[in-house]
Structure formats: C-alpha cells, structure tokens
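Let's see this in three dimensions:
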Amino acid sequence: MSPSNPSQIRKTPRQRRSAETVEAILTAAAHILEKEGFEAATTNRVALKAGVSIGSLYQYFPNKESLVRALNDRHTREVLELLQRRFAEVRLAPLEEAVRAIVQAMVDVHRVNPGLHRVLVNIVPGIGGLTETKALEDAAAGLLSQFLKARKTELRPLKPDLSAFMLVHAVEALTHAAVLERPELLKGDLFVDEASRMILGYLLGGPEERRSRQNK
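Sure thing, here's the model as predicted:
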C-alpha cells in the first residue's frame, strides 16, 4: 500500500509535559518503524508503545505519515547541527583531515538506527517529505561552498557552489545506497576512507595540477 500525503503536525508542544509526550510518541514510532516497517507503525500501535492514549497522539499527529514526516524533520535538524559543528571545528585543520572529518560526520548520522534510515529513505519521498530533505541539502551545500571558497588556494580551479552541490549529493547518494543495500559498509573506517579519497581527488585534481599549485 502506498502512503498518502500527510497532514502537518497539528500543534507544537509548548509545555515540558507536552514536549515529553511528543518525544515519547516519536521514540515509539521510530522503534516500530525500524523493527517492523511502515505498515506496522499504525497510530494505535505507536500510542500503545508510547504509553499514551490515542487521543493524546492525535492532538499532535493526524496520521502515521505525519509521524514519519516529524521523524525526518528531526533527523534533518540533527544532521545540520552536526555538520555546522564539524565545519566550525575543521575550519583551520589541514585539508585532508578536514575533508575526512566532514565525511565522517555525514556517515556517523546514518550509523545510528540504520533500519529507521532505510524506512525514511524509502517512504519520505512518497509522503511529500522532500521539502525537509532539500532544505538540508541546500544548507549542507552552503556550508561546503563557504569551506571551498576559504580553501581555494589549496584546490584546483573550480566553481565552489557547483562543486558543493555535486559533492553533497554524491556523498548523500553513496551513504543512502550503503544504508539501503550494504549497511555493513558503514561499520569501521574503510567507507569513510574511500569516500574521503574520492572527494580529495576531485578537489585537488591530477598530479600535474597539484605540482602546478606547489610551484606557484
């Protein structure tokens, strides 16, 4: 069964108790989605798992699609906050170290609850949740573009905005492919090492370009 377009969250929790209720609902939804999939995550199942009444759930979420949208929104916020911190941390680091740290951050957020990420990757496009995803991609590309502009003397000639767009989508596509098809690749360091090597090759160019920059 294909999910239908969800309604948005009905109201924003403003009191601590309400925020705790919403967090319990989202945690329960994430658990069911990861362990049993989208079809099993009915609002009744989620309410029971969260220990709240179905009426309390409906105060905030009109259907299970809106639960998935909320989880995706939370995920995008977490990823963006992590990337903002990581870019700030590596601002003055050597290029290779900085690139690896950024790739590591993007992979790390997909290492946690890979089953949930598989559901989000598969379901979100069909329920109108790409707005949050695009906002994250645009923000990540903006951070990377600024990073590339600041490092332009170390890199081959390139257009920072275009390169940032290409690299963000390349790493995202690789990571999502690993989540969906080869989650074991996200364990250990090899995936991060190889992705970092690929990006550095793109940024630095071939041996002649590197020698030319060193001789200037």
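
which stretches of the chain form helices?
In the chain, the helices defined using DSSP state H lie at 16-36, 43-50, 54-60, 64-89, 95-111, 114-123, 130-150, 160-181, 190-204, 207-215.

With mean pLDDT and mean neighbour count added, can I get these in CSV?
(C-beta placed from N, C-alpha, C; glycine too.) Converted to CSV, the helices of the chain look like this (pLDDT from 0 to 100; neighbours: other CB atoms under 10 Å):
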stretch, mean pLDDT, mean neighbour count
helix 16-36, 90, 17
helix 43-50, 96, 18
helix 54-60, 93, 16
helix 64-89, 89, 19
helix 95-111, 90, 18
helix 114-123, 81, 20
helix 130-150, 89, 17
helix 160-181, 91, 17
helix 190-204, 95, 16
helix 207-215, 63, 10
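
so what's the closest residue in space to residue 117 that isn't next to it in sequence up against?
In this structure, residue 117 finds its nearest non-sequential neighbour in residue 179, 4.9 Å apart by CB to CB, 6 or more residues apart in numbering. For residue 179, the contact set (CB atoms under 8 Å, 6 or more residues apart in numbering) comprises 110, 114, 117, 118, 121, 186.

Tell me how many other residues crowd the last one.
The one in question is residue 186. 18 (other CB atoms under 10 Å).

Please verify my assumption that it contacts residue 109.
No. Judged on CB atoms under 8 Å, residue 186 makes no contact with residue 109 at a distance of 10.5 Å.

pretty sure residue 203 is touching residue 158, no?
Yes. Counting by CB under 8 Å, residue 203 touches residue 158, with 7.4 Å between them.

anything in contact with each of these two?
residue 148.

Residue 67: what's it in contact with?
Neighbours of residue 67 in contact, by CB under 8 Å, 6+ apart: 25, 26, 29, 41, 43, 46, 61.

can you check residue 43 too?
54, 57, 58, 61, 63, 64, 67.

ok, the fourth one to residue 76 distance?
To residue 76, residue 61 is 18 Å away according to CB to CB, to the nearest Å.

before we move on, what about the fifth one?
Distance check for residue 63 against residue 76: by CB to CB, it reads 20 Å.

And for the first one?
Taking CB to CB as the measure, residue 54 falls 27 Å from residue 76.

quick one, phi psi at residue 189?
As for residue 189, its main-chain torsions (degrees, to the nearest 10) stand at phi -110, psi -10.

again, but for residue 91
Dihedral angles (degrees, to the nearest 10) for residue 91: phi -50, psi -40.

Likewise for residue 157?
According to degrees, to the nearest 10, residue 157 has phi -60, psi 130.
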